[in-house]
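Sequence and computational prediction follow.
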Amino acid sequence: MHNTLFFAAAILYAACALLASNRGALISGVTALAWAVHGLALWSDAFAPGGLRIGFAIMLSAALWVSVAAYWVENRNFALDGLRRLVMPCACAAALLPMVFPGAVMPLQNQSSAFGWHVAVAVLAYSTLTIAAFHAVLMALQETRLHARAVPAANGWFGGALDQLPALLTMEKLLFRLIWIGFVLLSLTVLSGVVFSEQLFGRALRWDHKNVFALLSWLLFAALLAGRQWRGWRGKTALRFTLAGFATLALAYVGSRFVLEVVLHRGIA
């Protein structure tokens, strides 16, 4: 059932990416429908009977699901059609990914009732900061294109999409809004993991690679927001901190899950 829903969501995302820019109402409707179908697919796939399905594919799929929601909401305030042409193909691929790499099921019989909430907040934090990293890459490409001495009038599909992005100041405002949301969610994840480790996991906190990288990522994003507030950090400095924080967070879970599932062909570690 969930594979059918994933495939349907991918088709709708692809259709949304191909719609003409002047079909605003139709684009909004198809985006909302694709997002709803994708969310239902994630829910039915992640919450297996008696357990929780985890894996790098479902995490990335959830990240793009959140990014589509962010695009849909922000598109009502800013002209983000160029972002649609970049986000929707990625969402299409992400919707298909759990069909190829289903991950593994973690039993929940002996887990605390708060464990599900901890995982949900962690997924939302990772997803939001994934969008922020994607946004930062787009800003870097946009800035490079603006400062190029000779910019072609038409540079293919990708160049056209970059040209349709909002002004850099608007993009920066959106970036820090995403970072603030992601930082709050990441703070809740780290805090719950540290303070309630016994209740959540049934054991004292272990400083394994997941916890160390998650805390390091939190410190990087905290430094970025503090630097933004008191030192006025922006531009390349903000982009470097965003990408460094995301890369560290990716190493905490998704990167290790990818190595275990795809490279080493191992289950839950």
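In hand now; what should we look at? Not measured: the values here are computed from a predicted model.

for the stretch 101-250 of the chain, what spans make up the helices?
In the stretch 101-250 of the chain, the segments counted as helices under DSSP state H, counting those that start in this stretch are 115-147, 156-163, 168-195, 197-201, 209-230, 235-252.

give me phi/psi at residue 54?
Residue 54 adopts backbone torsions of phi -130, psi 160, taken as degrees, to the nearest 10.

Okay, it and residue 189: tell me how far apart.
Distance from residue 54 to residue 189, counting by C-beta to C-beta, to the nearest Å: 15 Å. For glycine as for every other residue, the C-beta is placed from the backbone atoms N, C-alpha and C.

How about residue 88?
28 Å.

The two: who's more crowded?
Taking residue 88 and residue 189 together and counting by other C-beta atoms under 10 Å, residue 88 has the greater number of neighbours (26 against 21).

Could I get the phi/psi values of the more buried one?
The phi and psi values for residue 88, taken as degrees, to the nearest 10, are phi -60, psi -40.

If we ignore the residues flanking it in sequence, what's nearest it?
residue 17 (3.6 Å; C-beta to C-beta, 6 or more residues apart in numbering).

Tell me the secondary structure of that neighbour, please.
Three-state assignment for residue 17 (DSSP: H, G, I helix; E, B strand; the rest coil): helix.

which residues touch residue 127?
By C-beta atoms under 8 Å, 6 or more residues apart in numbering, the contact set of residue 127 is 59, 62-63, 65-67.

Now, of those residues, which are buried?
The neighbour-count test (16 or more other C-beta atoms under 10 Å) marks 59, 62-63, 65-67 as buried among these.

Now distance to residue 25 and pLDDT too, for those residues, in TSV please.
Shown next, in TSV, are these (distance: C-beta to C-beta, whole Å; pLDDT from 0 to 100):
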residue	distance to residue 25	pLDDT
59	32	79
62	27	86
63	27	82
65	22	89
66	23	86
67	21	83
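
Okay, and which of these map to helices?
Among these, the members falling in helices (DSSP state H) are 59, 62-63, 65-67.

Could you list the low-pLDDT ranges of the stretch 151-269 of the chain?
Scanning the stretch 151-269 of the chain for pLDDT under 70 picks out 151-160, 194-209, 253-269.

circling back to that earlier point, any chance of the helices of the stretch 101-250 of the chain in CSV, plus distance to residue 47?
Listed next are those as CSV, based on distance: least, C-beta to C-beta, whole Å:
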stretch, distance to residue 47
helix 115-147, 9
helix 156-163, 35
helix 168-195, 19
helix 197-201, 18
helix 209-230, 22
helix 235-252, 23
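
Of all those, which one is nearest residue 11?
When those are compared by C-beta to C-beta, helix 156-163 sits nearest residue 11, at 19.6 Å.

wait, residue 239 sits on residue 136?
Yes - Residue 239 lies in contact with residue 136 (C-beta atoms under 8 Å); the separation is 4.7 Å.

which one of these two has more residues nearby?
The neighbour comparison of residue 239 against residue 136 (other C-beta under 10 Å) goes to residue 136, with 23 against 20.
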